[in-house]
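>>> Take this sequence and fold it.
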Amino acid sequence: MTKVPDNVVFYDGVCNLCDSTVKFVIQRDAKKNFLFAQIGGENYNKLIEDYPKLAQVDSILFYHQNQLYTKSSAALKIVVRLGGFWHLMSVFWLVPKRLRDFIYDVIAKNRYKVFGRSESCIIPDRKYDGRFIN
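Numbering: from 1, shown residues only. Model prediction:
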């Protein structure tokens with residue numbers, strides 16, 4: 001098994017919605033628990049060696065304690081791990097995964113159309129050095 005750091009959020013680097021989501025998590029991650037890596041980067045490629053079926057998945061991924069979460073499960077796991085008020089979002093675990101992922105897929109399918117797309121990845125602010133990995 002290839003070693004990828006724990007608590008890594010893998011995201012689409014050119015998606016404006018994904019970029020906003022990363023900023024949202026960073027601003028609320030007081031304990032600095034999360035690392036961030038772009039889909040297609042070095043750590044993503046290591047991860048895909050162990051999860052080859054996910055190579056074509058165009059979704060947020062969250063790698064936590066040697067488990068990989070995708071789509072709505074990844075989003076929920078991330079938000080709940082922010083703690084505090086955000087822990088209340090755990091109520092959405094009660095919603096069937098198929099329904100959560102259906103809603104996630106509708107948003108993901110239309111994310112470029114609704115939120116736009118950057119020509120290149122946004123370079124993180126220097127104050128976040130160490131939080132973004134390849």
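>>> Going by C-alpha atoms from here, please, whenever you check contacts or count neighbours.
Noted.
>>> where along this protein do the helices fall?
Under the criterion DSSP state H, the chain contains helices at 16-28, 42-50, 71-81, 97-115.
>>> The third one - contacts with which helices or strands?
Under the contact definition 3 or more Cα pairs under 8 Å, 6 or more residues apart in numbering; DSSP states H and E, helix 71-81 sits against strand 61-64, helix 97-115.
>>> what angle sits between it and helix 16-28?
Direction vectors for helix 71-81 and helix 16-28, defined by axes from the mean of the first three to the mean of the last three Cα atoms, to 10 degrees, enclose an angle of 20 degrees.
>>> mind saving the C-alpha coords of helix 71-81 as CSV?
Below are the C-alpha coordinates for helix 71-81, written out as CSV (Å, rounded to 0.1, in the frame of the first residue of the first chain):
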residue,chain,number,x,y,z
LYS,A,71,-18.6,12.3,-3.3
SER,A,72,-21.2,13.1,-0.6
SER,A,73,-19.4,10.9,2.0
ALA,A,74,-16.2,12.8,1.5
ALA,A,75,-18.0,16.2,1.8
LEU,A,76,-19.8,15.1,5.0
LYS,A,77,-16.7,13.5,6.6
ILE,A,78,-14.8,16.8,6.0
VAL,A,79,-17.5,19.1,7.3
VAL,A,80,-18.2,17.0,10.4
ARG,A,81,-14.4,16.8,11.2
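>>> How about residues contacting it?
Contact with helix 71-81 is made by 25, 59-62, 68-69, 86-90, 92-93, 97, 100-101, 104-105, as judged by Cα atoms under 8 Å, 6 or more residues apart in numbering.
>>> same question for that helix, mean pLDDT?
Averaging pLDDT along helix 71-81 gives 96.
>>> Is F10 bridged to anything, and to what?
The residues listed as beta-bridge partners of F10 by DSSP bridges are A37, L61.
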